[in-house]
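Peer 1: Pasting the sequence and the predicted model now:
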Amino acid sequence: MIMVVYTLEGDKMGKNIKAHVVTHTHWDREWYMTYEIFRKRLLNLIDLLIENLPKKECFKHFMLDGQTVALEDYLEMRPHKKDKLVQLIREGRISVGPWYTLPDEFLISGESFIRNFLVGKSVLEELGVEGMNIGYLPDMFGHNAYTPSILKGLGLKGAVIWRGVGGSCRKTEFLWKSPNGDEIVTVNLIRSYSNGAHSGKKMEDMKEVFKREIEELSKHATTKNILIMNGTDHEFPLLDLPRNFDEWSKEIGAEIVHSSLERYLNDVLDEKPNLDVVVGELRDPKYEPVLRDVTSTRIYLKLKNFESQILYQRYLEPLSVLSTKKETLNEIEYGWKMILKSQPHDSICGCSLDRVHRDVDVRLSRAMEVGLSVMSSIFRELLDEGEKAIVVFNPYERERKAVVKGILNLDPNENWILVDDEGNSYDFYVEKANPIEFVNHLHTPGDDSYLEIIPFMSRYLKASSTNAAFMMEPSRVMFQATLPALGFKRFYLRKGSSREMKSGSTSFENDYYRFSLNDDGSFRIKDKVNGVTYGKLNFFEDTGDAGDEYNFSPVSEDVRVDRPDSVKIERVRDLGFIKEVELFASYRIPKELSGDRKARSNETLMIPLKLEYILFRDEPRVDIIVEIENKAKDHKFTANFIFPEEVDKIMNDSYFGLVEHPTVLENDEEAIEEIVPRYAMESFLAILGNKGKCMIITRGLHEYEVQRNDVTKISITLLRAVGWLSRGDLKTRKNHAGPYIPTPEAQCLGKYRYRYSFHILKEGSAEEMFENSKKFLLDPVLMPASKLPENVFPHFTAEKGVFLSALKISHKRNGIIIRFFNPTDKKKKLSFERDVEVVNMAEEPIGVKSKEIVMKPGEIVTVKFPLWE
C-alpha cells in the first residue's frame, strides 16, 4: 500500500503539516471520586466555559467528551444557564454527543449500545441542538468486533478510538471492518486521547508538547493532518492557549489550528487517503493496556446488568408495543437511563471506589424494579385477573416447547390439572414456595429468578388494599408446553390429580446424551449425536489472585484447589420432561493472601456450594445452577469444562454475530499487559472439534479462558475477589492502571447465584448456536389471567437463521421498530403482511417500503411499522 508520510525537514516540520488541536475534557462520571464530587468539578468547568467563551474569540471550540449525560448533570443544578449553554452549542463553540454515556463495549449488548445513542439523541433534541456525527470512543478497554456495524448503522461518519489497536495498525487512520463486512473510517489515537494535555504545564511549555506530537505522529500520518488531543481526564482548558498558535506555527514549521474532531476527519477524508483495513475485535495490549480482567471484577454488577438488559429488551419493550398507555414509555426511558448510567467503563467494569459501586448497584436494582413494575402493569392492562386460568407469554420469536415456571396464589395441598383451549392436558406440578425465598426475590431483584414475582407484583399494583395483595399462599408451579412464537397461550386450572414429583437415581439418558455424576460433583456426558465422551464437565477451581480491579495476577506460591472436601447428593426429582439433581459441596480455600502477597495464607475457610443440574428429556442440554457463599479474599473461582480434543479456534457471540479466537497466544514481553487467551463473550462460547461440538451459554458471566494441552480446557470465571483499585506490583501488567486505593468491597464477600447451560451441538452452525442461546435466555412468563390480549404484535415471517434483536416503540413514538440480524453465512428472507419502511439504527429512513427483504449474510436490518390505527 502506498502511503505518504510527512516528516521533519532538518529541524523544522514539513510545511504542509496541519496540526488540529482539539481542546476537550474526558469526563469519567464516577471513578476514584464519587459522582457528586466529580459533578461539582463539572459545574465549575461548564461555568468557566459559559462565562469565558463569548469573550475569547481565539478559543474556537471545546469538546465536552461526546456524552450528553453531562448536560443533564449540569442543567439539573444550573437550569438558569440553559439558554447560554445551548447558544454556545448551536454556535459550534462546544460540541456534545452523540452518546448518552461512554459505555464499555464488552459488558453490554448491541441493543444497549443503540439505546445509548437514542437516549443521547433525545437529550439533544430536547435542547434543540445537534450532536457530533462521530462515534467518539476514547477510553474503552478495547473495542468490540461489531462496533463498526453499530456506528455505520447509526449513520455516523467515522470513529475515534484508543486502546486495543496494538500492532494491527500503526497509522493515524484505518478502515475498521466488522466480521460481517460493515466498515467505518476510524481515527486511531496512537498517542492516546491526552497527547496534547497541559496536565498543569505552563503556557510556554505547550509549544514543546505540540512540537513533539507533530514530530511523532507525522511518522504514522495517512495525510498531512495531525490530531493533537488537548485535554485529559477532568481537565479544564487553557483558554488563552490558541492565541499562540500563529506564532508557534512559524517557529515549528507546521500549521497549528484550533479545531474539532469533525473538522479533522473532514480534512482527512478530503485527501482520499489509502487506508489499511483492520478487521474485528481490538483488544491488543502491545502499546496500551486493555485491562481485560475487568470483565470479571465485581461480578454482581455484571449479573444484574445482564438481567436488566434482557428484561428491557426482550420483555418490557415488546410488551409496551401492545399497551395503549403510552405514558409507560417515559418510565421505560427512565429505567434505561439508569442502566446506561451504569455502563461506562469505570462503572460496569467494577474498577472504581467501593462507594461508587454501591451507587451502580443501587441504580441497576432501581432499573430492575422500574422494569418489573411497568411490565406487571402492562400485563394487568392486557390481561384480566382470572384466578382459575393462566396466560403464558413467550418472548422468543419462534414457536417452541418450553418449561414454564412461576409463582401463583394456589393451595399446594389441593390437586390440580392444566388444560389449554384445545382440550390438551399437561403434567402440572405444584409445590409450596418458601415465603422467605419469595420475599427475597421481591426485595432483591437481579438474579435470573425475578420473573417469578411478576404475578405478585401485578396483583400488588392493582389491589385496592395493599394488605389484601400480601394475603396469598405462594406456590411454585411447573409444566411443559408448546408456546406460540412471540405470543400468548392460555391454560385453565381444573381440580383433578396433579402429578407427583418422583425421586430417582442421578443418572439420566435421552436421545442425545447419557449423563452421570463424578465423585467431585462434576458430570460426564456420552454424546450420542457425535459419538464423543466428555469426561469432566463443570468442575470448580480456585486460585490465588494478587491483582487489582483491572487485572488478575498469579500468586508466586499459589495453592490451587480443584476438589471439594465433601459432596452430598441432596435431592433427585424426576418430572418426566426434566430431571433435577441437587447436591451440596464444600471447598476448603485459603482465607486470603499472606502479608507479603507472595503466597496464600495457611488459614483456610470452608466455602459452601449448592449445585443443581437440570436435565431435559427432549433437548441436548444440561442447565446448571450454582449458589456459593464467598468468605475468602484474594482469589479467583472458575467453572471448568474439558473438551477431549485439541482445537485451534474457539468462538463466542458478540452483539450481532460470532467472533473467532485462537486457543493459543504468544506472549510479548514488550507488551504493556500480558497476552493470554482470556476472552469476553456476551452470552455464549462454542468449541467445534473434529468429532465433538458443544457450547456453553451463560447469564451475565462474560469472561472465559482457554488452555490447550492434549485436551482443551475452558474456564469460566464465576468470581474474582481483590482488594485494590490499582497496584503497581502485578506480574501481568506494567505500571499502575489507576490510583492506589484500597477497595475491600471488591473482595465480593457474600452469596452469589449463577445459571448457565451446556449444549451438545449437531451442526455447529451460527443458526444452531443462537437458537440454543435464545431458548435458554428467554424464559416464558406466566400470569394468572383468563383472557388473551386484544392487540397482537406486527406480523412477520423470518426464515430460520434470522433472529429478532429489538421490538419497541420508535424513538419519536410515531411507529414500531423491529430489528433483525442474520448471523449465518447465507442469504435469508424476511416478509411482512404490509409494506414496511427500512430505517437505520438511528430510526431514520434509508430505503423504499417493501413487503419482502432479502438479508445478506451477517446483515442487520431495521424496519418501521406504523403505530396501531
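Peer 2: Structure's in. What do you need?
Peer 1: from here on, contacts and neighbour counts on C-alpha atoms
Peer 2: Noted.
Peer 1: contacts for whichever strand or helix holds residue 47?
Peer 2: Element membership of residue 47, judged by DSSP states H and E, is helix 35-52. By Cα atoms under 8 Å, 6 or more residues apart in numbering, the surrounding residues in contact with helix 35-52 are 29-30, 70, 73-74, 84-85, 88, 234, 236, 239, 356.
Peer 1: which residues in the stretch 201-350 of the chain form strands?
Peer 2: With DSSP state E, counting those that start in this stretch, the ranges of strands along the stretch 201-350 of the chain come out as 225-230, 255-258, 277-279.
Peer 1: Just say which of those strands is most tucked in.
Peer 2: Burial of these is given as mean neighbour count (mean count of other Cα atoms under 10 Å); strand 225-230 ranks first at a mean of 27.
Peer 1: partner strands of it, parallel or antiparallel?
Peer 2: Sheet pairing here is set by DSSP bridges, and for strand 225-230 it gives strand 18-23 (parallel).
Peer 1: What is the least confident helix or strand in the chain?
Peer 2: Ranked by mean pLDDT, DSSP states H and E, the weakest helix or strand in the chain is strand 8-9, scoring a mean of 36.
Peer 1: Tell me the confidence at residue 327?
Peer 2: As predicted, residue 327 sits at a pLDDT of 88.
Peer 1: Was I right to think residue 203 contacts residue 241?
Peer 2: Yes. Contact criterion Cα atoms under 8 Å: residue 203 and residue 241 qualify, at 6.8 Å.
Peer 1: So which of the two has more stuff around it?
Peer 2: Per other Cα atoms under 10 Å, whichever of residue 203 and residue 241 has more neighbours is residue 241, with 18 against 12.
Peer 1: contacting residues for the more buried one?
Peer 2: 59, 203.
Peer 1: The residue lying closest to residue 851 once chain neighbours are set aside: which element?
Peer 2: Nearest residue to residue 851, sequence neighbours excluded (Cα to Cα, 6 or more residues apart in numbering): residue 835, at 4.5 Å. Using DSSP H and E, the element containing residue 835 is strand 828-839.
Peer 1: Strand 828-839 and the helix or strand just after that strand, what's the angle between them?
Peer 2: Downstream of strand 828-839, the next assigned helix or strand under DSSP H and E is strand 845-855. Here strand 845-855 points in a direction 180 degrees away from that of strand 828-839 (axes from the mean of the first three to the mean of the last three Cα atoms, to 10 degrees).
Peer 1: Buried residues, the helix or strand following strand 845-855. List them.
Peer 2: The helix or strand immediately downstream of strand 845-855 is strand 860-865, counting by DSSP H and E. Across strand 860-865, burial judged by 16 or more other Cα atoms under 10 Å covers 860-865.
Peer 1: got it, and stretch 759-768?
Peer 2: Neighbour-count burial for stretch 759-768 flags 759-761, 764-767 (criterion: 16+ other Cα under 10 Å).
Peer 1: what about that stretch, distance to the chain center?
Peer 2: 23 Å (Cα atoms, centre = their mean, to the nearest Å).
Peer 1: which residues are contacting it?
Peer 2: With Cα under 8 Å, 6+ apart as the test, stretch 759-768 has contacts from 512, 527, 529-530, 620-622, 657-658, 688, 693-697, 769, 772, 800-802, 823-824.
Peer 1: Which ones among those lie within strands?
Peer 2: The strands, defined by DSSP state E, take in 527, 621-622, 657-658, 688, 693-697 from those.
Peer 1: which one of those has the most neighbours?
Peer 2: Within the ones in strands among the contacts of stretch 759-768, most neighbours by other Cα under 10 Å means residue 697, with 27 neighbours.
Peer 1: is it true that that residue touches residue 682?
Peer 2: No. Residue 697 lies out of contact with residue 682 (Cα under 8 Å); the separation is 9.3 Å.
Peer 1: after the helix holding residue 47, next one along is what?
Peer 2: Next element after helix 35-52 (DSSP H and E): strand 62-63.
Peer 1: That following strand packs against which elements?
Peer 2: Here strand 62-63 touches strand 18-23, strand 94-95, going by 3 or more Cα pairs under 8 Å, 6 or more residues apart in numbering; DSSP states H and E.
Peer 1: so which of these gets nearest residue 424?
Peer 2: Nearest to residue 424 among the helices and strands packed on strand 62-63 is strand 94-95; the distance by Cα to Cα comes to 62.2 Å.
Peer 1: Can you name the next helix or strand after the closest one?
Peer 2: Next along from strand 94-95, by DSSP H and E: helix 110-127.
Peer 1: What's the mean pLDDT across that following helix?
Peer 2: Averaging the model's pLDDT scores along helix 110-127 yields 99.
Peer 1: Repeat that for stretch 289-301.
Peer 2: Average pLDDT, stretch 289-301: 98.
Peer 1: so where is the stretch 751-869 of the chain shaky, pLDDT-wise?
Peer 2: Filtered on pLDDT under 70, the stretch 751-869 of the chain yields the residue ranges 868-869.
Peer 1: try the chain
Peer 2: Checking the chain against pLDDT under 70 turns up 1-15, 386-387, 435-449, 459-472, 498-501, 868-869.
Peer 1: check contacts around residue 426.
Peer 2: Residue 426 touches 417-419, 479-481, counting by Cα under 8 Å, 6+ apart.
Peer 1: hang on, the earlier thing: want to throw the ones in strands among the contacts of stretch 759-768 into TSV with distance to residue 647?
Peer 2: As requested, these are exported to TSV (distance: Cα to Cα, whole Å):
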residue	distance to residue 647
527	18
621	22
622	23
657	21
658	17
688	8
693	11
694	12
695	14
696	16
697	19
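Peer 1: how close does the residue nearest the centre of the chain sit to residue 137?
Peer 2: By Cα atoms, centre = their mean, the chain has its centre lying nearest to residue 108, at 1.6 Å. Using Cα to Cα, to the nearest Å, residue 108 is found at 14 Å from residue 137.
Peer 1: repeat for residue 747
Peer 2: According to Cα to Cα, residue 747 stands 30 Å off from residue 137.
Peer 1: Likewise for residue 649?
Peer 2: 29 Å.
Peer 1: More neighbours: which of those two?
Peer 2: A count of neighbours by other Cα under 10 Å puts residue 137 above the other of residue 649 and residue 137, at 22 against 15.
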